[in-house]
Structure formats: C-alpha cells, structure tokens
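1. coordinates only, sequence not included:
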C-alpha cells in the first residue's frame, strides 16, 4: 500500500476512535467554522451590526458545526432527519439516473421527493442495490437534499429578519434580543449546509473513493473524503486568518423572475452545486498526482490552493445568501398588526387607570 493511502487510512481510523465519523462529514468543524467566519467578515456595513458583536459572531461560528453534532445521535429517526443526514449532500448523478432533468428540478422538497421516488422505481437498473439490513434509517434510497435545505434556511432567515424589523420598531428589549438570537441561530446553522456544498465530494456519488467505470484510474480507497474535509486543513495549518487579504465584500444574489417559472433562489443554489460538481474529477486527478499527500512538507501548493479556494467559495456564497435574505426580508404585516394592537391596548389600559 502506498504511504499516502496508509496515512489517510490511519487518519480515518483515528477519527473513528475519537467518535467522529470523519468519512461522513463535509469539512471538519474547523473548516465549517472557517466558512462561517469568512462569510461574517464579508458582510457590508449595512448588515445589522449586532451580528458582528464578538459574542454573537462567535455564536454564528460555533453553530457552523451544529448539524454534524446532530449526526452523533444513533437512533434511526434522528439519522433520517434531513438536518442530521440527507440534507448534507446531493449526489447529482442520481438525478438523470432517475430520468429527471437537473435543469427542471422543483424548488419544493416534497415535489422532488415524489418525482425522484417514481423515477428511481422506473429506472432501478441505474441504481446499485443496497443491503436493507444496513438501511435501518431508510436513507439509502435518496440522493440527498442539500439544495432544498439551503433554500429552506434562506426562507427561515428572511422570516427571522422580517420579525426582527418589526420587534425593533414595536417590541420590547427582551423581544428584540430574542429575535436577534433567532437570526443568529438560523445564520449559523444554514452556514453548515452551504459549506457542505463547497466540498465537491458532497455533490457526487464518488463521495469517498471513485465508484463504477474508472478509465482514468482514480483512487477508489475510502478515506479521501475525511482527508479533504479536515486532514489536509489541519496539516496545512489553514485558518480563517489565512484568508484575511482575500475576503471580498458580499454581494447579494441576482434574483429575478424566470420565464420558466422556477424559483430563482433555488436555481442559484443549484448553479452553485453544479459548479462545485465540475471539480470532482479535478479533485481526484490532484489526488492521483499526490497533490494532497500528507508526507509532503509543506503541503503542495496545488493541494493547498484547491482546498483554500473551496473554503473561500463557501464563505462567499454564504455571505451572499445572508445579505440577500436581509435585503429581501418581507414585511411581516401580521406580526406588526398584532404588536400595534398590543400597543393600543396598553395605551388604553394606562389611560383608564389614570385618575
């Protein structure tokens, strides 16, 4: 066995002993934290200042790892939960295998689930059989739902911002603080899934070693996923400070109505995944060429540039989504109406109590 493969397998074994199924994560905590911190540093001055307060920024950075912490729960109900498992990836190759068009996928999660289930049943010959005994959580039937998770969190963040704006106008200090906490939570957790999709191996069936036809002789050993996620980052000493001079101000996503009626935000997210998926084969080519090898001192420039580039892309996309949600938060007319009623009731009660 080549030394690079041996070291990679030893890293995977050590991760399992530590209780962290590294081969199943995208970016270790350090990488996910870097993505969230890059996004935080990219936010323009117009973005709510409370997010950048040290304790709040730390909260957003910490929450980058929350969905992976959910995955430590062993029960099937938790594992089947979208946030715990299937929301972390989307194996794009499975879509055409089920007879579906990547350019026409619906933005509504359950519409897609119905379409994919029907397509998979019709084209079972295109799917590798799995052992039902190893599918107690019933997740192996699915290609993953990462783009839907990101879209749903974007909608949640718009809602949280909409509520915050009303509470800032008509709420109490406690309500404002709670609304801010809700914003921070959604920002931090959603960052995990955006970061997942910056890791090309979370967009492909080749997520932990090349599978199927392999004319170019790419590595088939398990362990590459864990090494890309965190082993290389740790070996290369990559931290948020690495990117200080390369972080650019966030720009909102360009969203406009589409002639085909598809949701423009979902399309933007799909475009993001498709771009990362194009890098799956280049990643394997770099691996084949030894560019990610741990025994190289220092790590190769090519390997370092690839990993740093993906972390930057994840941070840039996340910052863009946060900014887009802030700018496009709808008016929460219902909440505003309720708070106006409350304000009027309090004023009437106060006037009635005045002698």
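-> That came through, no problem. Remember, it's a predicted structure, so these values are computed and weren't measured experimentally. Numbering: from 1, shown residues only.

2. distance of residue 170 from residue 180?
-> Between residue 170 and residue 180 the computed distance is 15 Å (Cβ to Cβ, to the nearest Å). All C-beta spots, glycine's among them, are computed from the backbone N, C-alpha and C.

3. next up, the contacts around residue 323.
-> Contacts were defined as Cβ atoms under 8 Å, 6 or more residues apart in numbering; by that measure residue 323 touches 43, 44, 47, 250, 251, 252.

4. now, of these, which are buried?
-> 43, 47, 250, 252 (16 or more other Cβ atoms under 10 Å).

5. those residues in strands, which ones?
-> When the buried ones among the contacts of residue 323 are checked against strands (DSSP state E), there are no matches.

6. possible to save the residues you listed as JSON lines with pLDDT and distance to residue 142?
-> Compiled in JSON lines, those are given as follows (pLDDT from 0 to 100; distance: Cβ to Cβ, whole Å):
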{"residue": "43", "pLDDT": "98", "distance to residue 142": "34"}
{"residue": "47", "pLDDT": "98", "distance to residue 142": "35"}
{"residue": "250", "pLDDT": "97", "distance to residue 142": "32"}
{"residue": "252", "pLDDT": "97", "distance to residue 142": "31"}
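
7. pick out whichever of the residues you listed sits closest to residue 291.
-> Comparing the buried ones among the contacts of residue 323 against residue 291 with Cβ to Cβ places residue 250 closest, at 30.2 Å.

8. where does pLDDT dip in the stretch 1-150 of the chain?
-> Confidence mapping of the stretch 1-150 of the chain against pLDDT under 70 gives the ranges 1-26.

9. recalculate using a threshold of 90.
-> 1-27, 71-85 (pLDDT under 90).

10. still on that earlier bit, out of residue 170 and residue 180, which sits in the busier spot?
-> Neighbours around residue 170 and residue 180, counted as other Cβ atoms under 10 Å, are more numerous at residue 180. The numbers are 19 against 16.

11. show me the residues around the more buried one that make contact.
-> Taking Cβ under 8 Å, 6+ apart as the criterion, residue 180 is in contact with 48, 50, 56, 164.

12. in terms of distance to residue 235, which of those ranks first?
-> residue 56 (31.5 Å).

13. in the helix or strand harbouring the closest one, what's buried?
-> Residue 56 is part of helix 54-62, with elements assigned from DSSP states H and E. Across helix 54-62, burial judged by 16+ other Cβ under 10 Å covers 56, 57, 59, 60, 61.

14. distance to residue 185 for those residues - can I get that in a markdown table?
-> Rendered in a markdown table, the data for the buried residues of helix 54-62 read as follows (distance: Cβ to Cβ, whole Å):
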| residue | distance to residue 185 |
| --- | --- |
| 56 | 11 |
| 57 | 13 |
| 59 | 8 |
| 60 | 9 |
| 61 | 13 |
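
15. out of these, what pair is the most spread apart?
-> The span of the buried residues of helix 54-62, defined through Cβ to Cβ, is set by 56 and 61 at 9.8 Å.

16. so for the two, which residues contact both of them?
-> Counting by Cβ under 8 Å, 6+ apart, no residue touches both residue 56 and residue 61.

17. which element follows whatever helix or strand residue 110 lives in toward the C-terminus?
-> Applying DSSP H and E as the criterion places residue 110 in helix 109-122. Along the chain past helix 109-122, the next helix or strand (assigned with DSSP H and E) turns out to be helix 146-170.

18. the protein: strands as residue ranges?
-> Listed in chain order (using DSSP E), the chain turns out to have no strands.

19. returning to that earlier point: may I see the buried ones among the contacts of residue 323 arranged in a markdown table, with distance to residue 97 as well?
-> Rendered in a markdown table, the data for the buried ones among the contacts of residue 323 read as follows (distance: Cβ to Cβ, whole Å):
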| residue | distance to residue 97 |
| --- | --- |
| 43 | 39 |
| 47 | 41 |
| 250 | 36 |
| 252 | 35 |
